[in-house]
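Participant: Could you look at this predicted model? Sequence included:
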Amino acid sequence: MLGIANGGIPLARRLGTRLGVRRVGDLDISFHRDDIGNHPIPKEFTPTLLPGDVNGATVVLVDDVLFSGRTIKAALDELFDHGRPAVVELAVLVDRGQRKLPVVADFAGTSVQAREDEQVVVTLGTDPEDDRIDIRPKKAAARAPLAR
């Protein structure tokens, strides 16, 4: 079970504990994002930490929100940089639809409807009863001025 940085990591750890999965790791997709120019890699990033060899393994990728599918594509690119799993499955807490790529979750906690101009924010508390799923207006991206 591999949590996709950042939102999928605490979710994967929680699921791993609840399901008795002993091998839970972290998957950093920073270098595989197709929007890296808009979202530079932060100074403190979570490196990929695999709990074992992925070759021939069944791997469950875990993320908090499934939206366009681009994060999952980047996660697959990162995963296959480390080997060739036999099976890759996807578990998400929230599926918000509106895919841009042909990606479907094998396991989804819930589905929500959110507009393109909204973001779905998942907050995991220390107790599952404190967890929150909020739909908020998307913050406008800062744009660099055009060169003249």
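Facilitator: Looks like it arrived, so ask away. Predicted model only: the values in this text are computed from it and were never measured.
Participant: Would you map the helices across this protein?
Facilitator: 8-19, 70-81 (DSSP state H).
Participant: would you list those in JSON lines and tack on mean neighbour count, mean pLDDT and distance to residue 134?
Facilitator: To be clear about C-beta, it is placed using only N, CA and C from the backbone, and glycine gets the same treatment. As requested, the helices of the chain are exported to JSON lines (neighbours: other C-beta atoms under 10 Å; pLDDT from 0 to 100; distance: least, C-beta to C-beta, whole Å):
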{"stretch": "helix 8-19", "mean neighbour count": "18", "mean pLDDT": "96", "distance to residue 134": "16"}
{"stretch": "helix 70-81", "mean neighbour count": "19", "mean pLDDT": "96", "distance to residue 134": "19"}
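Participant: Can you lay out these as JSON lines showing distance to residue 112?
Facilitator: Formatted as JSON lines, those follow (distance: least, C-beta to C-beta, whole Å):
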{"stretch": "helix 8-19", "distance to residue 112": "16"}
{"stretch": "helix 70-81", "distance to residue 112": "17"}
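Participant: Could you list which residues are in contact with residue 83?
Facilitator: 53, 54, 55, 57 (C-beta atoms under 8 Å, 6 or more residues apart in numbering).
Participant: what's the neighbour count on residue 87?
Facilitator: Residue 87: 10 surrounding residues under other C-beta atoms under 10 Å.
Participant: Look up the closest residue to it, ignoring the ones flanking it.
Facilitator: Among residues not flanking residue 87 along the chain, residue 58 sits closest, at 4.5 Å (C-beta to C-beta, 6 or more residues apart in numbering).
Participant: Double-check the one you found against residue 86; I have them as touching.
Facilitator: Yes - contact criterion C-beta atoms under 8 Å: residue 58 and residue 86 qualify, at 6.1 Å.
Participant: Keeping just the C-alphas, turn stretch 120-130 into PDB.
Facilitator: Output in PDB follows, covering the C-alpha atoms of stretch 120-130 (Å, rounded to 0.1, in the frame of the first residue of the first chain):
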ATOM      1  CA  VAL A 120     -12.300  19.400  -2.400                       C
ATOM      2  CA  VAL A 121     -10.300  19.600   0.800                       C
ATOM      3  CA  VAL A 122      -9.900  16.500   3.000                       C
ATOM      4  CA  THR A 123      -8.800  17.000   6.600                       C
ATOM      5  CA  LEU A 124      -8.000  13.800   8.600                       C
ATOM      6  CA  GLY A 125      -8.200  14.200  12.300                       C
ATOM      7  CA  THR A 126      -6.500  12.100  15.000                       C
ATOM      8  CA  ASP A 127      -9.900  10.400  15.400                       C
ATOM      9  CA  PRO A 128     -11.900   9.400  12.300                       C
ATOM     10  CA  GLU A 129     -14.900  11.200  13.800                       C
ATOM     11  CA  ASP A 130     -13.000  14.400  13.400                       C
END
